[in-house]
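Trainee: I would like the atomic coordinates for the input below:
(one chain, ligands or ions: 1)
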Amino acid sequence: MKKADYGIDAPGVIRNLAFGSLGAAAAAVLGFHLLHQPAFAVSMIWVAGFLGFEVIAMLWTSLKGKRLAARKLVDLAELNGSERVLDVGCGRGLLLIEAAKRLKGGRAVGLDIWNQEDLSGNGPEATRTNLEAEGASDRAELVDGNAMAMPFPDGSFEVVVSSLCLHNLYQAQDRAKALAEIVRVLKPGGRAVIQDFRHTAVYANTLREAGLEAKRHLVNPLLMFPPTWRVVAKKTKDE
Ligand SMILES: C[S@@+](CC[C@H](N)C(=O)[O-])C[C@H]1O[C@@H](n2cnc3c(N)ncnc32)[C@H](O)[C@@H]1O
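Mentor: Presented below is the predicted three-dimensional model:
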């Protein structure tokens, strides 16, 4: 059986950074040997090193760090095994499968538009293959749908999780719509854990304004690059 493959996040960004790093390294060589401009060459070495570091850190995140961070994220959802869990922007199933593996009577639902730019090899087939590989197919289902208009009735889930999805909504009002949807589909007493590398202070405030208790903390920076934050929120029973 093949091992699960959760893809490379933002593959186009990594490719552009890699080209930038190689270009700067080439400029450094030219600067030293042809132009005889050592100050220019040294600054190009710094640029090449900085961009190269970003490439390595982002690859590390996709290949290993995000898997470890996903376990911690799902720990924070405090599953008892009977919940209905929604993964918003599930991609190839990283959180979905981590949650499904911990369920006994419950069900994990992955919602996505399966955008290829956000994740390499993204698509429901890849997610189904990963579910099979991890032996979690019987506790999970996939739904084609947009985070801004989720195809679920109010209060459908005890737990909502999400990683690196909402920043892909470029307009603030679109992210606000997605957060309002998360609040809507959560049952009273339900929990949401949302991880992202941008806008998380706003996510926490928006959830508080909607009446949830919400705390925000930095994810272990050795696991995720760019530095990523988590919002852990609870919808109180009388919401
Ligand atoms: C960087 S990937 C992360 C995937 C997965 N959560 C993970 O951590 O491996 C972002 C995911 O969000 C999805 N996405 C982006 N915009 C979305 C939207 N409006 N509604 C639902 N999913 C969306 C993309 O298709 C992609 O699968």
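Trainee: let's verify Lys177: helix, strand, or coil?
Mentor: helix (DSSP: H, G, I helix; E, B strand; the rest coil).
Trainee: what about it, distance to Gly91?
Mentor: Lys177 sits at a distance of 20 Å from Gly91 (criterion: CB to CB, to the nearest Å). Placement of C-beta: from N, CA and C, glycine included.
Trainee: ok, now Asp138?
Mentor: Asp138 sits 21 Å away from Gly91, going by CB to CB.
Trainee: more neighbours: these two, which one.
Mentor: Comparing Asp138 with Gly91 by other CB atoms under 10 Å, the one with more neighbours is Gly91, at 27 against 9.
Trainee: now that one: closest residue in space, sequence neighbours ignored.
Mentor: Spatial nearest neighbour of Gly91, chain neighbours left out: Leu119 (4.6 Å); criterion: CB to CB, 6 or more residues apart in numbering.
Trainee: for that neighbour, grab the count of nearby residues.
Mentor: Neighbour tally, Leu119, other CB under 10 Å: 26.
Trainee: get me the contact residues on this protein for the ligand.
Mentor: Counting by CB under 6 Å from any ligand atom, the residues of the chain close to the ligand are 6, 9, 66, 89-91, 94-95, 111-115, 118-119, 122, 146-148, 163-165, 168-169.
Trainee: neighbours of the nearest residue in space to Asp196 that is not next to it in sequence, how many?
Mentor: What sits nearest to Asp196 in space, not counting adjacent residues and going by CB to CB, 6+ apart, is His167, at 5.1 Å. His167 has 16 neighbouring residues, counting by other CB under 10 Å.
Trainee: do you know how far His167 is from Trp60?
Mentor: For His167 relative to Trp60 (CB to CB), the value is 19 Å.
Trainee: then Ala204?
Mentor: 27 Å.
Trainee: same check, this time on Ala69
Mentor: Ala69 is 12 Å from Trp60, by CB to CB.
Trainee: just Leu22 next, same as before
Mentor: Applying CB to CB, the value for Leu22 to Trp60 is 19 Å.
Trainee: go on, Gly211?
Mentor: 38 Å.
Trainee: of the two, which one has the most company?
Mentor: A direct count of neighbours by other CB under 10 Å for Gly211 and Trp60 places Trp60 higher, at 15 against 12.
Trainee: could you tell me whether that one really is in a helix?
Mentor: Yes - assessed with three-state DSSP, Trp60 lies in a helix.
Trainee: for it, list the residues it contacts.
Mentor: The contact partners of Trp60, taken as CB atoms under 8 Å, 6 or more residues apart in numbering, are Phe225.
Trainee: chain neighbours aside, what residue packs nearest to Ile113?
Mentor: Per CB to CB, 6+ apart, closest to Ile113 is Asn146, 5.7 Å.
Trainee: and Asn205, by the same measure?
Mentor: Ala214 (7.9 Å).
Trainee: what do you get for Ala57?
Mentor: Spatial nearest neighbour of Ala57, chain neighbours left out: Phe225 (3.6 Å); criterion: CB to CB, 6+ apart.
Trainee: and for Thr127?
Mentor: Closest to Thr127 by CB to CB, 6+ apart is Gly93, at 4.3 Å.
Trainee: report the contact partners of that neighbour.
Mentor: Taking CB under 8 Å, 6+ apart, one finds Ala4, Tyr6, Asp87, Gly110, Thr127, Asn130, Leu131, Glu134, Ala140 in contact with Gly93.
Trainee: need those in CSV (columns: secondary structure).
Mentor: Below are the contacts of Gly93 laid out as CSV (three-state DSSP):
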residue, secondary structure
Ala4, coil
Tyr6, coil
Asp87, strand
Gly110, strand
Thr127, helix
Asn130, helix
Leu131, helix
Glu134, coil
Ala140, strand
